[in-house]
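Q: give me the fold of what follows.
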Amino acid sequence: TIEPNVGRVAVPDPRLDKLAAIAQSAKIVATQLEFVDIAGLVKGASKGEGLGNQFLGNIRECDAILHVLRCFDDPNVVHVDGSVNPVRDKETIDFELQIKDLEAIDKKIQRIEKIARVGNDKDAKKAYDVLQVFKKHLESGSAARSAPVQSEDFQYVADIFLLTAKPVLYVCNVDEKSVLTGNKHVDAVREKVKDEKAEV
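A: Below is the predicted model of the structure:
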């Protein structure tokens, strides 16, 4: 896959019909969700491996990430890394996104460091301190969304659109017999993300 596949789904809302009846609207346009399906990233994507930079750019434009993890065994379906290990796959993606976020944080730190240290700009000093917290957190291998900062501190990184600050939902792709009960792969993913601000 080179180009992302885009799908749009209307969001049903019974209130819309009632409002349309009151206003006697000629046309009803429902809110839509847009889903952008992009191919999986590979190791080195943050450095431009494969189509990494293009895919990371597509992720940057999204409001949330649904990360589909392969959680089924089938010898007829080849895995790019040779074996099924959804925790490893998750960590590969997390690492690539964190590296890209670190690059963005470092660039912003370079832009405001002199202002924060020399001038009397209190906002620049606060931004510098918050950026240092985010940097340390990302360097520890954690996502920006779980950084130990106040919710209002995210305003200091809003302009750089951190990839790991986005909400994430891990979707486990399982075989039919595991749909209701899960399996060992799903259990491993749940265990891995239990301390993250994420859903499985």
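Q: gap between Val11 and Ile99?
A: 35 Å (CB to CB, to the nearest Å). For the C-beta atoms, the positions are set from N, CA and C on the backbone; glycine is no exception.
Q: ignore what I typed, I meant Glu113.
A: Glu113 is 21 Å from Ile99, by CB to CB.
Q: cool, and Ala124?
A: 26 Å.
Q: give me the more crowded residue out of the two.
A: Neighbours per residue, other CB atoms under 10 Å: of Ala124 and Ile99, the larger number sits with Ala124, 19 against 16.
Q: next structured bit after the helix or strand containing the more buried one?
A: Here Ala124 sits within helix 122-139, counting by DSSP states H and E. Where DSSP H and E defines the elements, the next helix or strand beyond helix 122-139 is strand 168-173.
Q: in that following strand, what's buried?
A: For strand 168-173, the buried set under the neighbour-count rule, 16 or more other CB atoms under 10 Å, comprises Val168, Tyr170, Cys172.
Q: check stretch 173-180 too.
A: By 16+ other CB under 10 Å, the buried positions in stretch 173-180 come out as Val174, Ser178.
Q: now the end-to-end length of that stretch.
A: Chord length of stretch 173-180, first to last residue, is 12 Å (CA to CA, to the nearest Å).
Q: now do that stretch: everything it contacts.
A: Val68, Leu69, Arg70, Cys71, Phe72, Asp73, Asp74, Gly182, Asn183, His185, Val186 (CB atoms under 8 Å, 6 or more residues apart in numbering).
Q: which residues touch the last one?
A: Right, the one you point to is Val186. Val186 is in contact with Cys71, Pro86, Cys172, Val174, Ser178, Val200, counting by CB under 8 Å, 6+ apart.
Q: one more time with 7 Å, if that's ok
A: Applying CB atoms under 7 Å, 6 or more residues apart in numbering to Val186 gives the contacts Cys71, Cys172, Val174, Ser178.
Q: low-confidence ranges, this protein, go.
A: Within the chain, the segments meeting pLDDT under 70 span 1-2, 39-55, 197-198.
Q: by contact count, what packs against the longest helix seen in it?
A: Scanning the chain for the longest helix, with DSSP state H as the assignment, gives helix 86-118. Using 3 or more CB pairs under 7 Å, 6 or more residues apart in numbering; DSSP states H and E, the elements in contact with helix 86-118 are strand 65-70, helix 122-139, helix 184-193.
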